[in-house]
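Asks: Here is a sequence together with a model predicted from it:
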Protein chains: 2
Amino acid sequence: MTAPPDPVRLRLRLLFGSDVMLGPGKADLLQQIAATGSISAAGRAMGMSYKRAWSLVEEMNSAFRAPLVLSVRGGASGGGASLSETGEAVLAHYRKVVAIAAAAAEDEIAAIRALLCDIPDGK
Amino acid sequence: MTAPPDPVRLRLRLLFGSDVMLGPGKADLLQQIAATGSISAAGRAMGMSYKRAWSLVEEMNSAFRAPLVLSVRGGASGGGASLSETGEAVLAHYRKVVAIAAAAAEDEIAAIRALLCDIPDGK
């Protein structure tokens, strides 16, 4: 039996001007906030401190025309967070950028892969 | 007069399995080695220590079936380095991956850009 070849992952960062950067970390954080309804839970899920998660959220919220993350402090549930419409849109666009990029560059990526040492299927 | 909008740059990293990573740093290092004919000069041009540059070269050389960088120690010129055929190929494929990815995802990237605050042309 041959082990299936390791998947090739593509990490993609967009730099807008010299300041705004959007990459896998922020995208995953947005996704975890949507999933957990909480910035702190999202940070925990990513092994990130609360402070770090908040700082990334603030950075994103101030870079875009509308905040990406809406948060409510306090209350019976101890506050919560969700993605705004803009937040949903940015996350969806980012995921599409990665998917489109990976698909379009598939042949070139395979050409690099074929030059690597440990290709299990010998190709 | 309106300043031209900042260009969007795309940084792309390929992860093959859990070990081998190819990104802008290694690609630029290969390019500088080809340009300068020297690993240390290439490292300097990138603000990287000699040790760091060598370590990246060794990492790449052992990950691929053939070394990407060929080096000659000593000699009258104090040694030198060049890209092998495989090195040239890997660098060219990587640059194509980035160019193809940026072109293919252009519309999605523009959609994210349109949601950012400071778009000089107001779009």
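Replies: Nice, I can see it. Residues are numbered from 1 along each chain as shown, chains lettered A, B, ... in the order given.
Asks: what about the closest residue to residue A:89 other than its chain neighbours, how many residues close to it?
Replies: Once flanking residues are discounted, residue A:89 sits nearest to residue B:115: 6.6 Å by CB to CB, 6 or more residues apart in numbering or on different chains. In this view, the C-beta of every residue, glycine as well, is placed from N, C-alpha and C. Other residues lying near residue B:115 total 17 when counted by other CB atoms under 10 Å in any protein chain shown.
Asks: Kindly report the same for residue A:33.
Replies: Using other CB under 10 Å, the number of residues around residue A:33 comes to 28.
Asks: Now do the same contact list for it.
Replies: Applying CB atoms under 8 Å, 6 or more residues apart in numbering or on different chains to residue A:33 gives the contacts A:39, A:42, A:57, A:69, A:81-83.
Asks: Please spell out the segments of chain A that come in under the pLDDT threshold.
Replies: A:1-6, A:74-79, A:119-123 (pLDDT under 70).
Asks: give me that answer again for 80
Replies: Applying pLDDT under 80 to chain A flags the ranges A:1-7, A:73-79, A:118-123.
Asks: for it, what spans make up the helices?
Replies: Here chain A has its helices, by DSSP state H, at A:24-36, A:39-45, A:50-63, A:85-104, A:106-113.
Asks: tell me what the shortest one is packed against?
Replies: Using 3 or more CB pairs under 8 Å, 6 or more residues apart in numbering or on different chains; DSSP states H and E as the contact criterion, the secondary-structure elements in contact with helix A:39-45 are helix A:24-36, helix A:50-63.
Asks: helices or strands next to the last one in the packing?
Replies: Identification of packing neighbours for helix A:50-63 by 3+ CB pairs under 8 Å, 6+ apart yields helix A:24-36, helix A:39-45, strand A:69-72.
Asks: could I get the ones you listed as a markdown table with distance to residue B:19?
Replies: Shown next, in a markdown table, are the helices and strands packed on helix A:50-63 (distance: least, CB to CB, whole Å):
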| stretch | distance to residue B:19 |
| --- | --- |
| helix A:24-36 | 18 |
| helix A:39-45 | 25 |
| strand A:69-72 | 34 |
